[in-house]
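Chemist: A structural model of the following input is requested.
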Amino acid sequence: MSTHPAAASNLYFVVFPDFQAARRLERLITEWDSNAVVHVVPGLAELYNQLPSVPDKAIVLIDLIWDGQDASDILLSLLYSYPQLAFLIVSDSDVASILPPYFPIPHIQGFNDTNRILSDVSSLTEDLRGTRIGPYQIQNFAGQNYLGRTYQAYQAAINRDVHLTVLPLFANDDTRTEFSNISAAWARNIFPQIYSIYEENAVDGRHYVAQEPVTNPSLLQLSLQEVHFDSRLIASILATTVKVLAHLQSKGIPYQPIRSSHITISQQGVIKLVNTALPSTSPMPDMLEELHELAKILHPFQPPDNALDPRLNQILQNMAGGLTDFNTVIDVAEKVNLELAPVKQVVERKTAVAAKQEVEKAKKSMWLVTYLSVASITILIISLLIMCIPMLFPDKFQTPGRDFSDQIKIPAGPVTYGPTSNQQTAQLPEFYIDKYEVTIGQYEKFLKALDAEIKKDPEAYKKYLPPEAVAKYNFVPYDWINIKKTLRKGIPQPTYGTNRVTRDTAVFNVDYFDAYAYAKWAGKRLPTELEWQRAAGGNDNFPYPWGKDYKKDYIPDNAVCNAYPDLVKAKRFLYPGPQIVDKYTADKSPFGVIGMAGNVSEWVSLSPELGPLTAKQENCMPIKGANFSSPQLIPNTYNRQPGMVIPEDSMNNGLGFRCASDKPVTKK
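Modeler: Predicted coordinates:
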């Protein structure tokens, strides 16, 4: 095997507390690489000071133990902060007993194995930027993991950005086998809150794995900034992480024990975990130990002055003490998360008021029971049994959804867009748009139909993905099981959080790909930004469906955007969640389209007239309209404002969609 470095000059940092060990490695590198530029660095603080000035790429040879402490988390933070760096741990310590299996940074125990050191360094000096492997154009460094260097890459055929991990060119057969085993384990590990693996392949002898880019900061990185989270965010992190761990445990998928570097969080609060699945022969982490470690991970983020919700505080203590299980943690965390949602008012329904009145009446009339005949008592018992049947057999008593398939014809006409100082007008052709937002009942039909298709053809879901889509293997909304539970007819009727949900409620917890897939299945598409604006504002381009005036008393069951200080705030919030799509006729556009000022914000597709998204908005798509939790009404004319272009995989209970088409479409 060749271990000669590339001809171009290579920059090395040799970082060891033992000066003699550092000099030994320096001599080894300079004798092997005549183009080497080597900096001997005596400590981590000095390394921190030098790394920001690294112009392009460098290899860092470093010890694992500093001042008697394992520095693996520090090394990981450097790895994530400086993706142009490649790290190699060389240590006299028992590295294998300290680091978890498949730790992202390669490591060698002992300074005497010079062939292994030079072989690993040779692999790390490889630079594939500007080259092409298979369908991927490699652009820049993105970091490294146990399998090799990771690059930012672009798949032009489907307009998709990826992270591409490439096996070193001169890897031996055992390493290639290990590469395939690990990447296969990753590919089998499919879960909505785990970063996806797109493919594992080999082209011209180069083995690679393409995966969803991991661009959001990890809890490890955030811990170095000494930030604190509120109770709701900690509850969300707990629920999401433990759901992922429970999935891995229930499916028997071995994985790396949880670390703070595995959990990422976006600016919008979306929690996702790095794919850490291991080959099936690997040991499975212990559940109680995982909960114990997760409690330790979250401890630095807890708000000061005991401001954490007491239920979370107790469950974290139980996790640290090994006194709870996955299901209990999920239940507590989800309950706290829902209760601390921005809008939390509980409306007492007329049916509930009537029920209370009946109870009071029954109390006053209890003396009548004495005079009931045996026949009357029998009738009463039978009536009670009839009332209880829906509770005992809830799946048999579900209210079907109504037909909301109506479309509204939007005639060809103008739409004005852009800031007041530079407004422009586009002429749109005739199109059709759904009169109402897509409902839970309609979306449920789509999932059932898709499930039937997949049973015949496991690849059937692919035809509903947009060309640029990441790998997404199902279109089930987040928390769908609990949403479905609320559709049952029972006494008392179940709710989602504090909100009554039916099949006629606008579907929510869907991402852009879910909305796109449903529209395509229904023979339609998502409306463009300007189509949605025209349908909402009419020929006069009204800022609100009803006209120019902001309705201060408009009830936003209806009216996500806390970032608009220039908008007048709505006064009242009476509804705690998405509502039935035809409930509020006041929210009606000049063309007769319902629900465009609120209920749920809606996914839309890009309008060419508005130009492409910015580089900072990659993997994002626009939304339109306010929703039930918005503190303000949002004008129809707002396009791509802050908070209105969000990650494609965003899902929350204020986000749904409606469909459009070029010609009228019959219902499915």
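
Chemist: Domain boundaries for this structure, per the record?
Modeler: 10-125, 132-211, 219-339, 398-662 (automatic domain parsing).

Chemist: Could I get those in a markdown table, plus columns for mean neighbour count?
Modeler: Just so you know, the C-beta spots here come from the backbone N, C-alpha and C atoms, and that holds for glycine as well. Shown next, in a markdown table, are the domains of the chain (neighbours: other C-beta atoms under 10 Å):
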| stretch | mean neighbour count |
| --- | --- |
| domain 10-125 | 17 |
| domain 132-211 | 18 |
| domain 219-339 | 18 |
| domain 398-662 | 19 |
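
Chemist: May I see those domains arranged in JSON lines, with mean pLDDT as well?
Modeler: Converted to JSON lines, these look like this (pLDDT from 0 to 100):
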{"stretch": "domain 10-125", "mean pLDDT": "89"}
{"stretch": "domain 132-211", "mean pLDDT": "89"}
{"stretch": "domain 219-339", "mean pLDDT": "91"}
{"stretch": "domain 398-662", "mean pLDDT": "82"}
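
Chemist: Tell me the helix or strand right after the longest helix along the chain.
Modeler: When the chain is parsed with DSSP state H, its longest helix is helix 231-251. For helix 231-251, the succeeding helix or strand toward the C-terminus, using DSSP states H and E, is strand 263-265.

Chemist: List of residues touching whichever helix or strand comes after that next one?
Modeler: Note on strand 263-265: by DSSP H and E, the next helix or strand toward the C-terminus is strand 271-273. Contacts with strand 271-273, where a contact means C-beta atoms under 8 Å, 6 or more residues apart in numbering, come from 193-195, 216, 236-237, 240-241, 244, 262-266.

Chemist: Residue 50 looks like it's in a helix, true?
Modeler: Yes. Applying DSSP: H, G, I helix; E, B strand; the rest coil, one finds residue 50 inside a helix.

Chemist: sorry, back to before: show me what the longest helix of the chain is packed up against.
Modeler: On a contact count with 3 or more C-beta pairs under 8 Å, 6 or more residues apart in numbering; DSSP states H and E, helix 231-251 meets strand 263-265, strand 271-273, helix 287-298, helix 310-320, helix 326-339.

Chemist: Quick one, which of those gets closest to residue 23.
Modeler: Nearest to residue 23, of all the helices and strands packed on helix 231-251, is helix 287-298, at 37.9 Å by C-beta to C-beta.

Chemist: residue boundaries of the strands in the stretch 501-650 of the chain?
Modeler: Counting by DSSP state E, counting those that start in this stretch, one finds strands in the stretch 501-650 of the chain at the ranges 601-603, 620-624, 645-647.

Chemist: Dump those strands into CSV; add distance to residue 313 as well.
Modeler: Shown next, in CSV, are the strands of the stretch 501-650 of the chain (distance: least, C-beta to C-beta, whole Å):
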stretch, distance to residue 313
strand 601-603, 33
strand 620-624, 35
strand 645-647, 31
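
Chemist: Tell me which of these approaches residue 15 most closely.
Modeler: So among the strands of the stretch 501-650 of the chain, strand 645-647 is nearest, using C-beta to C-beta, at 36.5 Å.

Chemist: Next, name the residue at the spatial heart of this protein.
Modeler: Among the residues of the chain, the one closest to the centroid is residue 270, at 4.6 Å (C-alpha atoms, centre = their mean).

Chemist: The helix or strand harbouring residue 432 - contacts with which helices or strands?
Modeler: In this assignment (DSSP H and E), residue 432 forms part of strand 431-434. Packing contacts for strand 431-434, counted by 3+ C-beta pairs under 8 Å, 6+ apart, involve strand 407-410, helix 529-537, strand 660-661.

Chemist: relative orientation of the longest one and strand 620-624 in degrees?
Modeler: Here helix 529-537 runs at 10 degrees with respect to strand 620-624, directions being taken by axes from the mean of the first three to the mean of the last three C-alpha atoms, to 10 degrees.

Chemist: Surely residue 262 touches residue 256?
Modeler: Yes. The pair residue 262 / residue 256 is scored as a contact, 7.3 Å apart, by C-beta atoms under 8 Å.

Chemist: got any residues that touch both of these two?
Modeler: Joint contacts of residue 262 and residue 256 (C-beta under 8 Å, 6+ apart) are residue 276.

Chemist: what sits against residue 282?
Modeler: By C-beta under 8 Å, 6+ apart, the neighbours of residue 282 are 101, 254.
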